[in-house]
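Q: Structural data only, the sequence is not supplied:
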């Protein structure tokens, strides 16, 4: 009788969320080997075997898989297939075929959107009891929500901090502490310490900051190693980043389908049907940023992402109607960090000029009020 090979698993890196997923699978008794952090070499290797028409995340994730298959990984947990309404939902099937064609024998295990399928997948690949599974998922969600909370706090602190880089140091150390926690008790202790440290960051409460909204495809928006740590760079330049797109938001849409209906109704003037992906979300978020009087908007998308490319002219139309600074960054293996930095610096200057011009116009209107009242 053949002995069943014990799974050695990996999954695609996904920014800071990688910590939560790694902890989940390890608590379920799986041996996890993470792909290296995304770098030009990883992307280049993935691009060599990726289908030409597929978007940038396909190349990044394939490159990561190639690196760890050589280290003994025999099972890939494909989380890209959870929901989605674009080519991303075929990632697992395409990547499995591409790797097999390249001579790599590896098992692909697809996550699906239904809890029943996820439970069956875990039972097939883990010896964890139902109680252990429930506890692991509880800690997973606590980690995930804590990571998002830390990111949001950092977005507000970076442009206001007195000692530059202090917030980023706490964030890095905090994420490392979260990764080391294996149970709820340790996690809650780490949470208290991290939030306490962030609360002690010295800030200039009177500093004038510039608000910029960020939206686009969820993977490129939320992964700092993919978007060249855009949030931190702009934050250190006095710009407060706001973004709605994260895992929590995606989960809400999976749980409450009527959210998409409400979004479609709101954007019907600009787009009358879905284009897949996060296309409708981008239009809705752009309208929010305009309504809330933001100083600029950034769209981040993978090169070849059809939903985001389709709505880009609509976003440009909204920009023209409201005269708000708008930057669209399309990322692929050819994009260099130096080029992105140059565009960000230029965009930051435009955002600041726009903000000060608004302030000047407001002061002018305020000064005219008493004169108008006297004339009347």
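A: Done, it's in. This is a predicted model, so every value here is computed, not measured.
Q: would you say residue 347 is within a helix?
A: Yes: counting by DSSP: H, G, I helix; E, B strand; the rest coil, residue 347 is found in a helix.
Q: Would you enumerate the residues in contact with it?
A: Neighbour list for residue 347: 296, 298, 325, 327 [criterion: CB atoms under 8 Å, 6 or more residues apart in numbering]. For every residue, glycine as well, the C-beta is placed using N, CA and C.
Q: which residues sit in contact with the last one?
A: Going back to what we said before, that points to residue 327. 296-299, 343-344, 347.
Q: The same query, at a cut-off of 7 Å, please.
A: Counting by CB atoms under 7 Å, 6 or more residues apart in numbering, residue 327 makes contact with 298, 343, 347.
Q: So which of the contacts of residue 347 are in strands?
A: Members of the contacts of residue 347 lying in strands (criterion: DSSP state E): 296, 298, 327.
Q: From these, pick the one nearest residue 218.
A: residue 298 (14.5 Å; CB to CB).
Q: thinking again about what came up before, for the ones in strands among the contacts of residue 347, which one is nearest residue 109?
A: residue 298 (34.9 Å).
Q: okay, now that closest one: neighbour count?
A: Neighbourhood size, residue 298 [other CB atoms under 10 Å]: 27.
Q: ok, now the one 5 residues further on?
A: With neighbours defined by other CB under 10 Å, the count for residue 303 comes to 16.
Q: ok, now how distant is it from residue 65?
A: Distance, residue 303 to residue 65, by CB to CB, to the nearest Å: 20 Å.
Q: contacting residues around the spatially closest residue to residue 125 that is not a sequence neighbour?
A: Distances taken as CB to CB, 6 or more residues apart in numbering place residue 7 nearest to residue 125, at 5.2 Å, with adjacent residues excluded. Remark: with contacts taken as CB under 7 Å, 6+ apart, residue 7 is in contact with 30, 74-75, 125.
Q: What pLDDT does the model give residue 7?
A: With respect to pLDDT, residue 7 has a value of 80.
Q: The stretch 151-300 of the chain: helices as residue ranges?
A: With DSSP state H, counting those that start in this stretch as the criterion, the stretch 151-300 of the chain has helices at 166-180, 184-199, 218-222, 230-236, 247-255, 258-267, 279-291.
Q: can you list the domains in this protein?
A: 8-126, 137-157+160-208, 209-376 (automatic domain parsing).
Q: what's the burial count for the closest residue to residue 284 other than its chain neighbours?
A: Counting by CB to CB, 6+ apart, residue 263 is the residue found nearest to residue 284 once chain neighbours are left out, at 4.8 Å. Residue 263: 19 surrounding residues under other CB under 10 Å.
Q: need the contact list for residue 263.
A: Counted by CB under 7 Å, 6+ apart, residue 263 has contacts 280-281, 284.
Q: May I ask which of these has the most neighbours?
A: Counting neighbours by other CB under 10 Å, residue 281 leads the contacts of residue 263 with 24 neighbours.
Q: Output the lowest mean pLDDT helix or strand found in the chain.
A: helix 115-125 (a mean of 75; mean pLDDT, DSSP states H and E).
Q: what's the pLDDT at residue 4?
A: Per-residue pLDDT puts residue 4 at 53.
Q: Work out for me the element residue 354 sits within.
A: In the assignment (DSSP states H and E), residue 354 maps to helix 337-375.
Q: Kindly provide the whole-number mean pLDDT of that helix.
A: The average pLDDT within helix 337-375 is 81.
Q: Stretch 211-220 too?
A: On average, stretch 211-220 scores 92.
Q: okay, and for the stretch 151-300 of the chain, where does confidence drop off?
A: Across the stretch 151-300 of the chain, nothing is flagged by pLDDT under 70.
Q: Repeat the analysis, applying 80 as the threshold.
A: The model of the stretch 151-300 of the chain has pLDDT under 80 over residues 254, 276-277.
Q: Please apply the same query to the stretch 1-150 of the chain.
A: Counting by pLDDT under 80, the stretch 1-150 of the chain shows low-confidence ranges at 1-6, 52-54, 79-93, 109-126.
Q: ranges for the helices of it?
A: With DSSP H, counting those that start in this stretch as the criterion, the stretch 1-150 of the chain has helices at 17-27, 40-49, 56-69, 91-101, 115-125, 130-157.
Q: For residue 363, find the nearest of those helices.
A: Closest to residue 363 of those is helix 130-157 (CB to CB; 25.7 Å).
Q: List the buried residues for the closest one?
A: Going by neighbour count (16 or more other CB atoms under 10 Å), the buried part of helix 130-157 is 133, 135-137, 139-140, 142-144, 146-148, 150-151, 153-157.
Q: distance between the ends of stretch 232-240?
A: End-to-end distance of stretch 232-240 (CA to CA, to the nearest Å): 9 Å.
Q: No further queries at this time; thank you.
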